[in-house]
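Trainee: All I have is the shape, not the residue letters:
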Ligand SMILES: CC/C=C\C/C=C\C/C=C\C/C=C\CCCCC(=O)SCCNC(=O)CCNC(=O)[C@H](O)C(C)(C)COP(=O)(O)OP(=O)(O)OC[C@H]1O[C@@H](n2cnc3c(N)ncnc32)[C@H](O)[C@@H]1OP(=O)(O)O
Ligand SMILES: Cc1cc2nc3c(=O)[nH]c(=O)nc-3n(C[C@H](O)[C@H](O)[C@H](O)COP(=O)(O)OP(=O)(O)OC[C@H]3O[C@@H](n4cnc5c(N)ncnc54)[C@H](O)[C@@H]3O)c2cc1C
């Protein structure tokens, strides 16, 4: 056993709570843990679909590998295991899916949100079996945030009972939709509805964009990949230009609004329902795209920091692990706390969303404005805190953190996108501000927007802390587990306060002495939590396969893994 493995084993021996119990709590129960592990075992024992190191692959290889694995998953593995696309197992499978995130996570749910029963019956089975592959095409080259500014039009042709979809100029071209560039043959396309010259706002249309046999673009369609990006390299975010493309009247997804054959426009629900899909996604992607990413980065950085020996604490004494330095504990442990605290706050948000969908089934959407405010605010605050944290964790791993061998750069490159997609964060914070504080006049409003953004961040952080604090109080668990969760709650709250002492001093909420006490209390908590560090990240239960990290493997064998990984570099195929 290597020195590093022995160090981790010694660390695990001093954890003072039951790690498995905390894993069960994090998962939502022992049965959930069992289900998640069963899915992970099935996937990791199938070479056709198991996670693998894509660090040395080209972009095209990563895309093809992601598509191949995903299609195998849905067409071979699910039927083999007797899992249907709506089985509970599939929600855990999405963690492993490297492609079709928008098809599975956006296109299909939006079809369910916007489609009539007949339209769902027509397209859902095809989408579930990958007979049709869909994208969610809303953002254009010229507009992403300002939805009322979208330029793509859907003009109703009474004579032929068709909609004519058109991008009037280059800036109207759809730009960014995931799975669009090379994979999708259908688009759930958001366009401005026009009837007899009158504009009715953004509506959802089902548009076939490629031939189902040849996969060639249909007439009037120009489609392709938008090129290399910071991350999401397995996803073919694409562009789509539509030039007078005709679709049947029946392709307007008409759960909320309908156009009769004679061109009469009929609304069936609030026009705000068209925004509903965005509320849903903001509520559910935080866990899978931001918090889970932070948990992986914490697992890697904590395990590595416990085995990375560098320097002396006392001259002449043996080298210590970098985790012994207070500065390293300050870099890492507040983000371990944040992972736990935001995980449970996101759970409360998705529960609130599910409660709203039940109310909506009874035609009650009175809860939508508050849910919009909370989901917009949470999406902005959590995605920013998590992606900022992942970068700090990457830097805490020194040089090896800058290597793809650490696994952290690819984690960050996906998580940071969550600050932009599904509503750019600043815009989301301002949406939350306007719904929490009411809309002032536009000028007073713009002049105050910088402060309002900060007020909303504080408002949402307070929601996150109080949610976790009350959750712990109600939690039935052993005392050691409750104790460590209370420490994490206090650490997250204190780290947020200490990051903003200026605001508290400015309004006289805290005295300078109290600020000192808050700072000292945080440092004391770091020392209390330090002995449990490895147990807290082990409890996230990320397998080595899922982490894909030479620094964060469970056994701590960093250096052997690092050298083996580097030797796989294509540049090393020849000595010269
Ligand atoms: C299990 C999960 C599996 C997989 C997960 C899925 C995917 C993971 C895989 C990969 C991840 C990668 C990509 C993910 C997918 C990304 C998809 C996208 O990015 S789609 C595009 C998203 N775009 C946006 O979010 C646009 C943001 N802009 C807006 O929302 C609006 O323009 C605005 C900023 C809110 C402004 O709205 P508007 O222009 O209408 O003006 P107002 O602000 O005056 O609003 C009017 C009125 O409407 C109310 N309102 C606005 N938004 C909402 C809402 N969302 N819900 C409810 N109500 C809303 C607003 O409050 C006003 O009301 P009023 O005051 O008039 O009563
Ligand atoms: C990885 C990824 C995947 C995506 N997937 C999809 C997809 O599947 N389907 C899809 O339709 N789209 C998708 N998008 C597009 C995404 O939804 C948009 O990029 C996002 O909504 C932001 O819009 P924008 O790019 O126009 O930014 P802009 O709005 O142009 O933002 C630029 C700057 O302007 C500021 N700003 C804009 N409006 C205001 C305002 N009112 N007040 C104050 N400041 C403002 C913003 O804060 C920001 O700083 C994806 C994007 C990414 C990065």
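Mentor: Sure thing, it's come through. Since we're looking at a predicted model, the values are computed, not measured. Ligands and ions are numbered 1, 2, ... in the order given.
Trainee: For the nearest residue to residue 57 once chain neighbours are set aside, list the residues it contacts.
Mentor: Distances taken as Cβ to Cβ, 6 or more residues apart in numbering place residue 65 nearest to residue 57, at 6.6 Å, with adjacent residues excluded. Every residue, glycine included, has its C-beta placed from N, CA and C. By Cβ atoms under 8 Å, 6 or more residues apart in numbering, the contact set of residue 65 is 52, 54, 57, 98, 234.
Trainee: ok, and residue 65, which helix or strand is that part of?
Mentor: For residue 65, the element it lies in under DSSP states H and E is helix 59-72.
Trainee: any idea how far that helix is from the chain center?
Mentor: 20 Å (Cα atoms, centre = their mean, to the nearest Å).
Trainee: State the mean pLDDT of it.
Mentor: For helix 59-72, the mean per-residue pLDDT is 91.
Trainee: That one: which residues count as buried?
Mentor: 62, 63, 65, 66, 67, 69, 70, 71 (16 or more other Cβ atoms under 10 Å).
Trainee: Check the gap between the fourth one and residue 60 for me.
Mentor: I take that to be residue 66. 11 Å (Cβ to Cβ, to the nearest Å).
Trainee: Can you tell me the closest non-neighbouring residue to residue 14?
Mentor: Nearest non-adjacent residue to residue 14 (Cβ to Cβ, 6+ apart): residue 531, at 5.1 Å.
Trainee: I'd say the one you found and residue 13 touch.
Mentor: No. Contact criterion Cβ atoms under 8 Å: residue 531 and residue 13 do not qualify, at 10.2 Å.
Trainee: Is residue 194 in a helix, a strand, or coil?
Mentor: Under DSSP: H, G, I helix; E, B strand; the rest coil, residue 194 falls in the strand class.
Trainee: Name all residues that make contact with it.
Mentor: 153, 154, 155, 156, 200.
Trainee: 10 Å instead?
Mentor: Listed by Cβ atoms under 10 Å, 6 or more residues apart in numbering, the contact set of residue 194 reads 153, 154, 155, 156, 163, 164, 166, 200.
Trainee: How about residue 394?
Mentor: 297, 300, 301, 400, 401, 402, 406, 407, 408, 409, 411, 412.
Trainee: Save the buried residues of helix 59-72 as CSV, and put in distance to residue 474 too.
Mentor: What follows is the buried residues of helix 59-72, written out as CSV (distance: Cβ to Cβ, whole Å):
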residue, distance to residue 474
62, 44
63, 45
65, 44
66, 40
67, 44
69, 40
70, 39
71, 43
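Trainee: how about stretch 83-96, does it reach ligand 1?
Mentor: Yes. Using Cβ under 6 Å from any ligand atom, stretch 83-96 reaches ligand 1 at residue 94.
Trainee: pLDDT averaged over that stretch - what is it?
Mentor: Rounded mean pLDDT across stretch 83-96 is 79.
Trainee: Only the buried residues of that stretch, if you could.
Mentor: Result for stretch 83-96 [16+ other Cβ under 10 Å]: buried residues 83, 85, 89, 90, 92, 93, 96.
Trainee: right, and the pair among these with maximum separation?
Mentor: Across those, the longest distance by Cβ to Cβ is 14.7 Å; it joins 85 and 96.
Trainee: hang on, the earlier thing: between residue 531 and residue 13, tell me which one has more neighbours.
Mentor: residue 531 (12 against 8; other Cβ atoms under 10 Å).
Trainee: Can the helix or strand residue 394 falls within be said to contact ligand 2?
Mentor: According to DSSP H and E, residue 394 maps onto helix 368-395. No. Judged by Cβ under 6 Å from any ligand atom, helix 368-395 makes no contact with ligand 2; its nearest approach is 9.9 Å.
Trainee: And the residue of the chain found nearest ligand 2, which helix or strand is it part of?
Mentor: Residue nearest to ligand 2 within the chain: residue 144 (2.4 Å; Cβ to the nearest ligand atom). Assigned by DSSP H and E, residue 144 falls within no helix or strand.
Trainee: For it, give me the pLDDT.
Mentor: Reading off the model, residue 144 has pLDDT 97.
Trainee: could you give the mean pLDDT of stretch 425-435?
Mentor: pLDDT averaged over stretch 425-435 gives 95.
Trainee: ugh, wrong one, I meant stretch 495-510
Mentor: Computed over stretch 495-510, the average pLDDT equals 96.
Trainee: cool, stretch 340-353 as well?
Mentor: 95.
Trainee: Name the nearest residue to residue 309, sequence neighbours excluded.
Mentor: residue 319 (4.2 Å).
Trainee: ranges for the strands of the stretch 151-300 of the chain?
Mentor: 153-157, 162-166, 174-175, 186-195, 198-208, 221-225, 238-242, 245-248, 257-259, 265-267 (DSSP state E, counting those that start in this stretch).
Trainee: Kindly calculate the angle that the first one makes with strand 238-242.
Mentor: Here the directions of strand 153-157 and strand 238-242 differ by 30 degrees (axes from the mean of the first three to the mean of the last three Cα atoms, to 10 degrees).
Trainee: Can you list the strands that strand 153-157 pairs with?
Mentor: When sheet partners are counted by DSSP bridges, strand 153-157 sits next to strand 162-166 (antiparallel), strand 186-195 (parallel).
Trainee: what comes up buried for that strand?
Mentor: 153, 154, 155, 156.
Trainee: repeat for the fifth one
Mentor: Residues of strand 198-208 classed as buried: 200, 202, 203, 204, 205, 206, 207, 208 (neighbour count, 16+ other Cβ under 10 Å).
Trainee: same deal with the second one?
Mentor: Buried residues in strand 162-166, counted by 16+ other Cβ under 10 Å: 162, 163, 164, 165, 166.
Trainee: Name the residues that touch it?
Mentor: Under Cβ under 10 Å, 6+ apart, the answer for strand 162-166 is 151-157, 172, 187, 189, 191, 193-195, 203, 205, 207, 220-221, 241-252, 259.
Trainee: mind redoing it with 8 Å?
Mentor: 152-157, 189, 191, 205, 207, 242-249, 251-252.
Trainee: swap in the last one?
Mentor: Under the contact criterion Cβ under 8 Å, 6+ apart, strand 265-267 has outside partners 193, 195, 200, 256, 257, 258, 259, 260.
Trainee: Can you tell me which of those residues is nearest ligand 1?
Mentor: With Cβ to the nearest ligand atom as the yardstick, the closest approach to ligand 1 among the contacts of strand 265-267 comes from residue 256, at 12.6 Å.
Trainee: Backbone dihedrals for the closest one, please?
Mentor: phi -100, psi -20 (degrees, to the nearest 10).
Trainee: again with the one 5 residues further on
Mentor: Backbone torsions for residue 261, taken as degrees, to the nearest 10, come to phi -50, psi -30.
Trainee: separation between the closest residue to it other than its chain neighbours and residue 255?
Mentor: Leaving aside its sequence neighbours, residue 261 sits nearest to residue 161 (Cβ to Cβ, 6+ apart; 5.5 Å). Going from residue 161 to residue 255 by Cβ to Cβ gives 20 Å.
Trainee: Contact partners for residue 243?
Mentor: Counting by Cβ under 8 Å, 6+ apart, residue 243 has contacts 166, 167, 220, 221, 222.
Trainee: repeat for residue 569
Mentor: Counting by Cβ under 8 Å, 6+ apart, residue 569 has contacts residue 56.
Trainee: Over to residue 505?
Mentor: Contacts of residue 505 (Cβ under 8 Å, 6+ apart): 511, 512, 515.
Trainee: Cool, thanks, talk later.
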